[in-house]
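**Student:** Quick one: sequence and predicted model below, then my questions.
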Amino acid sequence: MEFDYDELDRRLVHALQVNGRAPFSTIAEVLGVSDRTIARRYARLRAAGAVRVLGGVDPTALGAVLWFLRVRCAPSASVPVAEALARRPDTSWVSITSGGTEITCTVRTESVADSEALLLAKLPRTARVEGVSAHSVLHAFYGGSDNVVAKLGSLDEKAIERLRPPAVPRRPGPVRLDDGDRKLLAALAADGRTELEQLAALTGWSPTTVRRRMTELRERGVLYLDIDIDGRLFGVGPRTLLWLSVAPAYLEEVGTALAGHPEIAFAAATTGPTNLYASVVCADQQELYRYLTTRVAMLPAITHIETAPVIRTVKRAANQT
């Protein structure tokens with residue numbers, strides 16, 4: 001079902017990007033409407049698949065390795081291979097690109113041994129896969145808790161400050177998850193707004209313990225709140241993936257510059273045949289052309305650029321297919 005989104009929808013979504021667990025009463029006060037209006041709008045947007053608040057997990061905080069894979073196959077095989085990858089619990093953002101001849105996805109591996117097993121044994125032996133290139137994420141310039149909605153939204157700084165949750169101090173160090181943690185993270189991955197009482201029932205903890213553990217996981221860099229949206233809310237079309245080669249001396253400069261572009265949803269330095277990856281959202285092909293020939297063209301020391309328009313997204317966040 002198609003919906004016509006309006007400015008209140010966009011302001012609500014921006015508010016949720018700032019604080020995904022903010023009470024509707026707080027959002028309503030900031031936006032100048034009633035609690036009932038916000039609750040009704042959110043229910044409508046969520047039912048339409050236009051917005052989803054989720055608890056994201058940074059796998060690197062748990063010692064995992066994050067990979068971008070480019071899987072080449074015949075066009076007739078792209079859908080079944082993509083669907084097989086989407087069924088794996090360790091994948092996210094499984095997309096078909098490049099006219100249906102390539103699949104891209106993000107894969108989380110728990111160790112170097114797991115990486116070797118995936119990249120050297122499992123994928124190459126998958127039927128109808130013609131080739132795989134792998135890019136390990138070295139540094140994210142934009143992404144994770146940074147969401148493109150922050151660039152596209154229209155809330156002013158005063159409204160953002162009223163909504164922003166209290167900052168938590170970062171406490172780096174090893175993190176061990178128990179069964180309760182895993183149940184907590186799984187529930188938040190499905191719905192980042194799950195009530196404390198429901199989380200307590202799922203974990204067997206008290207609501208106070210749930211609140212404390214969520215704070216601890218945020219302090220350790222494991223848990224963050226993210227928002228998944230229908231790009232049409234903000235007038236942007238499907239993603240286009242960029243694979244760039246940048247002279248090493250300029251990699252930090254170019255990556256940081258990309259992170260500041262309003263068109264960039266994700267940017268990271270990687271290993272592999274290219275050393276910089278970015279996900280771009282533009283209104284249409286003309287806007288993409290202008291972006292590539294202006295903002296990207298002005299960046300220094302780019303020796304190669306490859307664009308791969310996403311023609312179908314088979315899986316988005318890790319728990320959603």
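**Tutor:** Yes, it's here. Numbering: from 1, shown residues only.
**Student:** alpha carbons only for contacts and neighbour counts from here, please
**Tutor:** Fine.
**Student:** I'd like the secondary structure assignment at Val107, please.
**Tutor:** Secondary structure, DSSP: H, G, I helix; E, B strand; the rest coil: Val107 is strand.
**Student:** could you list every residue that touches Trp67?
**Tutor:** Each residue near Trp67 by C-alpha atoms under 8 Å, 6 or more residues apart in numbering is listed here: Thr106, Val107, Arg108, Thr109, Ala134, His135, Ser136, Val137.
**Student:** gap between it and Leu225?
**Tutor:** Trp67 sits 21 Å away from Leu225, taking C-alpha to C-alpha, to the nearest Å as the criterion.
**Student:** Same check on Val254?
**Tutor:** In terms of C-alpha to C-alpha, Val254 sits 27 Å off from Leu225.
**Student:** Repeat that for Ala48.
**Tutor:** From Ala48 to Leu225 the distance is 20 Å (C-alpha to C-alpha).
**Student:** likewise Gly100?
**Tutor:** In this view, Gly100 and Leu225 are 32 Å apart by C-alpha to C-alpha.
**Student:** Dead centre of this structure: give me the residue that sits there.
**Tutor:** Nearest to the mean C-alpha position of the chain, counting by C-alpha atoms, centre = their mean, stands Gly144 at 5.7 Å.
**Student:** Ala48 and Leu225: which has the busier surroundings?
**Tutor:** Just comparing Ala48 and Leu225: by other C-alpha atoms under 10 Å the higher neighbour count belongs to Leu225, 24 against 14.
**Student:** Now that one, what are its backbone angles?
**Tutor:** With angles defined as degrees, to the nearest 10, Leu225 sits at phi -90, psi 130.
**Student:** The residue lying closest to it once chain neighbours are set aside: what's it in contact with?
**Tutor:** Spatially, and ignoring its direct neighbours in sequence, Leu225 is nearest to Gly55 (4.7 Å; C-alpha to C-alpha, 6 or more residues apart in numbering). Neighbouring residues of Gly55 by C-alpha under 8 Å, 6+ apart: Leu185, Leu188, Ala189, Ala190, Asp191, Gly192, Leu223, Tyr224, Leu225, Asp226.
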